[in-house]
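In: Coordinates for the following, if possible.
(2 chains)
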Amino acid sequence: MEHPKASMSYIPGQPVTAVVQRIQIQKLRQDNNLILGFSIGGGIDQDPGQNPFSGDKTDKGIYVTRITPSGPAQDAGLRMGDKIMQVNGWDMTMVTHDQARKRLTKKSEDVVRLLVTRRSLEEAVKQSMCPKP
Amino acid sequence: MDNESTYSGYSYKSSHSRSSRKHRERRDRHRSKSRDISIRGDKSVTIQAPAEPPLDAESTRGDDRDDNWGETTTVVTGTSVDSISNEDLTRISKDLEESLPLDWRRYLGPALGAVLGLFALVSPLAFLALPQLLWRDTLEPCGTPCEGLYISLAFKLLILLISTWALFLRPPRATLPRFFIFRSLLLALVFLFVASYWLFYGVRVLEPRETDYRGIVGYAASLVDALLFIQYLALVLLEVRHLQPAFCLKVVRTTDGTSHFYNVGYLSIQRAAVWLLDQYYSDFPVYNPALLNLPKSILSKKMSAFKVYNLGEENGTNNSTGQSRTMIAAAARRRDNSHNEYYYEEAEVERRVRKRKARLVVAVEEAFTHIKRHQDDEPSASSSPKHPREVMDPREAAQAIFAPLARAMQKYLRATRQQSYHTMEGIINHLQFCITHNMTPKAFLERYLSPGPTLQYLDTSRGRQWTLVSEEPVTSALRQGQVFSLRRLDFSLVVTVTALPFLHLGEEFIDPKSHKFVMKLQSETSV
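Out: Below is the predicted model of the structure:
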């Protein structure tokens, strides 16, 4: 079976296709801040070669690098290494690191609806489509 | 060194009749405005012990200020009265200005010091001369060691003379209210030294007619050495000790809030006050009483909105307090719009000032284009005989170009309330000065566009009278948290003393090779 790496990378001029999972996280209020319970890395202004989670080392998307145990993100189903494609309808595949942070930490919203993708999703879909002989 | 207080005696006030009091108050208002221009012989700082009742002039002035509040503002801002008041106040200030009491008092202290110093300098010579004069025959001849001592004596005396002239023979700049402790200590020390030397000389040399001349010369040399050491002590106490900064003084002028911070060393309160006043004259912008108050129109609207009627009781005192309280409460509850008026009034004034400034700048620029410097080495053929150019000296040139800018200048000075500080004569003088030194119009205008330091408006031939008000004796040293004030008739400077912090200076060595950088491209943010 072909390795599904290629489907997550970005080919200039082609639309990005990915299998995504919807995750809805309720922000938790802690000391006058609203927190989600995970850390992000990546962005178009960052160095993609240092990203340990991406398959394609030219991928400049936003990845989840750390999850606070028993935080709102973990409870909602977010896992380390997920690539965030959309936040509340805003695209996250071509944003700077700071823009991504701002989209996630808007004080006026207390719920974020993410579209995330991970390699295991691709594989699961592929497996379900082509059952093993 | 006079320890007497010198008052500014308004004795004329008591001699006038009460009926002309109002007119006198008016003139006093002008006088207070011109306070910085009319001057006395030197600065004298007088002490005001806290238990003393305030000077008579101060108390009456304070009362009248409340009574004649409205009158003050009308007089200052009215245009027609201004032209009269200028001559008025110059005349009055010359007539009624109290002269500094008895000039000789100022020189009493230095004279005493000078006499003592002279006596001390002459003593070694007297020690040497007296045996030669009185019992020359019986003196033992003294060879080379004496000559060495003579030379050293001569040079040491010369050095003493020169350094005394350099350090101490300066005209006094201020008279202090109390004894200047260090100076009097030193004078006492010098006196004691010289007196004890003379005592021993009289007992041991003059009486028994001592024949050992070398010993006498050595004795005189030791006196000169002692004098040199006393001078060293004087140098350290009077000139050097207060150089290292130890305190920070905050000086605030009570009338308009201008403040400055100064660093001083270890000084007594009175010496710090004198030093501070020196800085005041060159750092603080001149006090302009016309710029102070909110226009009466803004403040008075508050009070006149409510009228209170008394129904029933005729008990006077009870009603008045109740009345004022209700008025204040009602005024507080009412929606207060006076800040709005203040804001618009301020904006209007500023706009007017800017407009007049623009007119002034343009007028001055144009005026300056009318003249140029005449070069002597211009070939005579260039100036055609048909238009002989009249060669003027700076004064005439200034007068020639003054006319077009006079009006704009006057309007601008009126707008910024500076008209009392600059007379026409003064402006022409300044213009002449600027032309002589090839200044541009902007340089000419810098004097008028911003209120300069007080020193600029001062006529330094006369002194200034200040009163030092302090809760502690003025010869005590500065300390953290002290407050004292320097008062003049219409404003005062409040001084707060804070100690400069002790500095812990640490050391950190950085290897120049350790400056290395990496690109920060992978950042992780937690959300």
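In: can we go C-alpha only for contacts and neighbour counts from here?
Out: Fine.
In: Do a quick rundown of the helices in the stretch 251-400 of chain B.
Out: B:269-283, B:296-303, B:316-333, B:338-368, B:394-415 (DSSP state H, counting those that start in this stretch).
In: tell me the angle the last one makes with helix B:338-368.
Out: Between helix B:394-415 and helix B:338-368, the angle formed by their directions is 170 degrees, by axes from the mean of the first three to the mean of the last three Cα atoms, to 10 degrees.
In: model confidence over helix B:394-415, on average?
Out: Helix B:394-415 carries an average pLDDT of 89.
In: Can you list the buried residues in that helix?
Out: Of the residues in helix B:394-415, B:394, B:397-398, B:401-402, B:405-406, B:408-415 count as buried by neighbour count, 16 or more other Cα atoms under 10 Å in any protein chain shown.
In: Now render the helices of the stretch 251-400 of chain B as TSV, adding distance to chain A.
Out: Below are these laid out as TSV (distance: least, Cα to the nearest Cα, whole Å):
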stretch	distance to chain A
helix B:269-283	49
helix B:296-303	44
helix B:316-333	37
helix B:338-368	36
helix B:394-415	52
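In: can I get those in TSV with distance to B:Val240?
Out: Shown next, in TSV, are those (distance: least, Cα to Cα, whole Å):
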stretch	distance to B:Val240
helix B:269-283	14
helix B:296-303	52
helix B:316-333	58
helix B:338-368	48
helix B:394-415	45
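In: Can you flag the weakest of those helices by average pLDDT?
Out: Lowest mean pLDDT within those: helix B:296-303, at a mean of 55.
In: Please enumerate the helices of the stretch 101-250 of chain B.
Out: For the stretch 101-250 of chain B, the helices defined by DSSP H, counting those that start in this stretch occupy B:108-134, B:144-167, B:181-201, B:213-234.
In: Enumerate the beta-bridge partners assigned to the residue of chain B found nearest chain A.
Out: Closest contact between chain B and chain A, by Cα to the nearest Cα, is at B:Ser526 (3.8 Å). Beta bridges link B:Ser526 to A:Ser39 when assigned by DSSP bridges.
In: tally of neighbours for it?
Out: In terms of burial, B:Ser526 registers 17 neighbours under the definition other Cα atoms under 10 Å in any protein chain shown.
In: same deal with B:Glu507?
Out: For B:Glu507, the count of nearby residues is 6 (other Cα under 10 Å).
In: Report the secondary structure state of it.
Out: Three-state assignment for B:Glu507 (DSSP: H, G, I helix; E, B strand; the rest coil): coil.
In: can you pull the buried residues of stretch A:79-98?
Out: The neighbour-count check on stretch A:79-98 (16+ other Cα under 10 Å) flags A:79-87, A:92-97 as buried.
In: which one of the helices of the stretch 101-250 of chain B is the most hemmed in?
Out: Comparing these by mean neighbour count (mean count of other Cα atoms under 10 Å in any protein chain shown), helix B:213-234 comes out on top with a mean of 18.
In: And the residue nearest the centre of chain A?
Out: A:Ile84 (2.0 Å; Cα atoms, centre = their mean).
In: circling back: which of the helices of the stretch 251-400 of chain B sits closest to B:His504?
Out: Comparison of the helices of the stretch 251-400 of chain B against B:His504 by Cα to Cα identifies helix B:269-283 as nearest, at 27.0 Å.
In: how many other residues sit next to whatever residue of chain A ends up closest to chain B?
Out: Here the residue of chain A nearest chain B is A:Ser39; by Cα to the nearest Cα that distance is 3.8 Å. Using other Cα under 10 Å, A:Ser39 is surrounded by 18 other residues.
In: unless I'm mixing things up, it is touching A:Val64, no?
Out: Yes. With contact defined as Cα atoms under 8 Å, A:Ser39 counts as touching A:Val64 (5.9 Å).
In: still on that earlier bit, I'd say the residue nearest to the centre of chain A and A:Leu114 touch.
Out: Yes. Here A:Ile84 reaches A:Leu114: they are 6.8 Å apart, a contact under Cα under 8 Å.
In: tell me which parts of chain A are close to chain B?
Out: Contact residues (Cα under 8 Å from any Cα of the partner chain) of chain A with chain B: A:35-42, A:45-48, A:50-51, A:65, A:101, A:104-105.
In: Take the residues you listed and keep only those in strands.
Out: Using DSSP state E, the members of those that fall in strands are A:Ile35, A:Phe38, A:Ser39, A:Ile40, A:Gly41, A:Thr65.
In: What does the pLDDT read for B:Val76?
Out: According to the prediction, B:Val76 has pLDDT 39.
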